[in-house]
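Engineer: Fold the following.
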Amino acid sequence: MATLYVQQNQPPGVPPLTLTGERTLPDVPAENYWYRRHLAVYEWIAERVTGMRVIDMASGEGYGAATLARSAAEVIGVEANPEAFEHARLRYSGSAVGFARAMVEHYGEPASCDAVTFLQTIEHVANPEDVLRHFRSLLRPGGVVYVSTPNLLTLAPAGAEKSDNPWHLKEYRAHEFRSLCESAFDRVELYGVFHAGRLRWHAAALALGWDRLHRALGVTGFFYDRFTPSITTADFVLAERRPLHEALDFLAVCRP
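Structural biologist: Residues are numbered from 1 along each chain as shown. From the prediction side, this is the model:
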């Protein structure tokens, strides 16, 4: 039976969440790579929503909404899962952040916010065009929608049309994701998330045969039990002009 990872060291009264693969979690050392990879995008967006009213759709554990609230005037995290919603409501509090339990395609009033974030979730939905059009309707003049998704080419095995993630209905190549976003928005800028810092050095080491070496030396567990928890958001970078087919994830910045 596979080991179930559970969040550690939660504040009193906050129920920990179990890692199922549907969403990433902080406070789980083995999940730190994925958590920091997602958090890097939230931090990038947070620098661009200062003073805005933001809706964080499919907010999950809540760390993303809390990150946006460091600069935004108000953030509402919208989450349908009852356990994740209750955890976020209890763990993250403050004058600038709150949470609502709802389906993302039904939440919000027209022209009610300045920005919508929808990160690492569009690959989970069966009606992405309808969802994006709904998000567009929520924007005030000058508003923006941020949508991210993993890159099929770096997530799935070579030649496959999808990874083995059971929660994903559709995974996108760069041109497919751009076309999807352009079906609902007039202007779309597409960025890629790439390794930086120690993860670039790690990738170089893998190219030189590090996988064979750590196994031969018997240090695999020793190394990665220390390396993975040490990863930070500085080990990822967002760029618009690098070859997008090599990106880990895509981030679309969408405007009407």
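
Engineer: what about the strands in the stretch 151-256 of the chain?
Structural biologist: 187-195, 236-239, 249-255 (DSSP state E, counting those that start in this stretch).

Engineer: And the ones you listed: which comes nearest Ala126?
Structural biologist: Counting by Cβ to Cβ, Ala126 lies closest to strand 249-255 out of the strands of the stretch 151-256 of the chain; the figure is 19.0 Å. (Glycine included, C-beta is placed from N, CA and C.)

Engineer: longest strand in this protein, by residue count?
Structural biologist: strand 139-150 (DSSP state E).

Engineer: hmm, who's touching that one?
Structural biologist: By Cβ atoms under 8 Å, 6 or more residues apart in numbering, the surrounding residues in contact with strand 139-150 are 41, 45, 48, 111-123, 132, 135-136, 163, 168, 171-172, 177, 181, 185, 193, 248-256.

Engineer: Now, the residues you listed that are in helices?
Structural biologist: Counting by DSSP state H, these place 41, 45, 132, 135-136, 177, 181 in helices.

Engineer: what's the average pLDDT for stretch 109-127?
Structural biologist: The average pLDDT for stretch 109-127 rounds to 97.

Engineer: That one: which residues count as buried?
Structural biologist: 113-125 (16 or more other Cβ atoms under 10 Å).

Engineer: From the opening residue of that stretch to its closing one, how far?
Structural biologist: 20 Å (Cα to Cα, to the nearest Å).

Engineer: Begin at 332 from now on, thanks
Structural biologist: Fine by me, first position is 332 from now on; the one you just mentioned is stretch 440-458.

Engineer: From the chain's centroid, how far away is that stretch?
Structural biologist: Computed by Cα atoms, centre = their mean, to the nearest Å, the separation of stretch 440-458 from the middle of its chain amounts to 12 Å.

Engineer: need the contact list for the residue nearest to Gly382 when sequence neighbours are not counted.
Structural biologist: Spatially, and ignoring its direct neighbours in sequence, Gly382 is nearest to Ala404 (5.1 Å; Cβ to Cβ, 6 or more residues apart in numbering). Counting by Cβ under 8 Å, 6+ apart, Ala404 touches 382-384, 427.
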